[in-house]
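>>> Got a sequence here, can you model it:
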Amino acid sequence: MLQTKKRLLTGNKALSEAIRLEMEKDQEIFVLGEDVGKYGGIFGSTEGLYDKFGPERIMDTPISETAFIGAAVGAASQGMRPIVELMFVDFFGVCMDQIYNQMAKIPYMSGGNVKLPMVLMTGVGGGYNDAAQHSQTLYATFAHMPGMKVVAPTTPYDLKGMMISAIRDENPVVFMFHKTLQGLGWMDQIDASLGHVPEEAYTVPLDKAKVVREGSDVTIVGIQMTTVQALEAAKRLEEDGISAEVIDIRSLVPLDKETILNSIKKTHRLMVVDEDYLSYGLTAEIAALAAEHGLYDLDAPVKRMAIPDVPIPYSRPLEQYVLPNAEKIYKAARELVNE
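The predicted model follows:
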């Protein structure tokens with residue numbers, strides 16, 4: 001019997017395919033942002049869409065994030081389903097009023113009478129020497145503020161499925177894609193940026209974490225690139241006789257607490273790794289979750305790893321020094337188990 005080959009796509013192609021499939025079904029969906037048109041998005045998230053749908057539905061905007069995110073909010077309030085790209089998440093500073101005082105709050109302040117079915121997608125992550133204003137993830141900044149769903153998929157399969165779910169959702173969704181996981185040729189490509197993606201439309205829930213590796217000795221919780229690095233570390237730990245369970249958070253809001261707590265009951269040790277800043281971030285939130293609801297299942301204190309509270313350096317050696325990686329995760333997890 002012949003076996004059908006699995007179709008492989010990079011992260012950016014999975015994203016653009018998700019948007020294309022939904023746009024073909026619903027005329028109310030359109031895309032706007034900087035360089036999303038003929039260029040296809042600086043990180044390839046709208047590649048090929050301009051040629052298919054034209055400038056009326058794939059709209060290049062002036063460099064005014066406040067204006068075009070505000071336009072998306074207004075369009076969503078009138079029943080359209082905009083997808084608006086904030087090129088770098090770092091640029092949130094110039095348009096946060098539209099994001100948080102408008103997009104996140106209007107449905108609540110209207111008593112649910114005004115829905116905003118819109119997606120704000122944005123590129124996150126460092127590792128390629130783009131310095132302090134273009135290298136952050138800022139997961140916790142958005143997760144901290146109620147009124148928005150916040151997702152951060154890792155694999156091409158999840159990028160497509162979660163984007164389709166986000167477009168169909170009646171709530172505003174912040175959709176964070178990691179630049180390194182887009183699989184672009186001009187960046188350092190990694191194996192994790194390529195994966196099996198079915199041709200048809202499918203959905204992945206916006207509120208579920210995923211156990212990507214089963215284990216029994218320690219739970220390592222990651223987000224996007226730190227999930228990839230945790231999987232690499234887990235292979236080395238296995239050589240040392242340590243069985244690591246790796247959880248890909250995928251959804252920051254809502255946070256799948258049950259999957260994390262169930263894993264702690266099994267492994268009795270927890271390590272959280274984040275490419276955001278250490279203080280007041282997702283590592284602290286998940287550690288607090290473990291302390292409040294899983295304290296008596298823990299055999300050791302929770303270990304956290306994240307970027308020190310400094311701007312992301314431009315210098316490559318300094319940037320690599322502050323970013324988490326597989327080697328750091330391996331050493332820290334081994335110490336945690338040996339405690």
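>>> now the strands: where do they sit in the chain?
8-10, 29-33, 58-60, 81-88, 119-124, 149-151, 173-178, 194-196, 210-213, 218-222, 244-248, 251-253, 270-277, 303-307 (DSSP state E).
>>> now the third one: mean pLDDT?
Averaged over strand 58-60, pLDDT sits at 98.
>>> and for it, what are the contacting residues?
30-39, 46, 49-50 (C-beta atoms under 8 Å, 6 or more residues apart in numbering). No exception for glycine: its C-beta is placed from N, CA and C like everyone else's.
>>> repeat for the second one
Residues outside strand 29-33 that contact it (C-beta under 8 Å, 6+ apart) are 19, 22-23, 41, 46, 49, 53, 56-61, 68, 71-72, 75, 80-87, 167.
>>> Show me which residues of that strand are buried.
By 16 or more other C-beta atoms under 10 Å, the buried positions in strand 29-33 come out as 29-33.
>>> Leaving out chain neighbours, which residue sits closest to the residue nearest to the spatial centre of the chain?
For the chain, Ala152 is the residue whose C-alpha lies nearest the centre (C-alpha atoms, centre = their mean; 1.6 Å). What sits nearest to Ala152 in space, not counting adjacent residues and going by C-beta to C-beta, 6 or more residues apart in numbering, is Met176, at 4.4 Å.
>>> which strand residues sit across from the one you found in the sheet?
Legend: beta-bridge partners of Met176 under DSSP bridges are Thr122.
>>> Confirm for me that it is in contact with Val150.
Yes. Between Met176 and Val150 there is a contact under C-beta atoms under 8 Å: 7.1 Å.
>>> overlap in contacts of those two?
139, 142.
>>> how about the residue nearest to Ala152, what does it touch?
Counting by C-beta under 8 Å, 6+ apart, Met176 has contacts 89, 121-124, 137, 139, 142, 150-152, 224.
>>> For Leu206, state which of those is nearest.
Val151 (5.5 Å; C-beta to C-beta).
>>> Pretty sure Leu252 is one of the things the closest one touches, is it not?
Yes. Counting by C-beta under 8 Å, Val151 touches Leu252, with 6.8 Å between them.
>>> Thanks a lot, catch you later.
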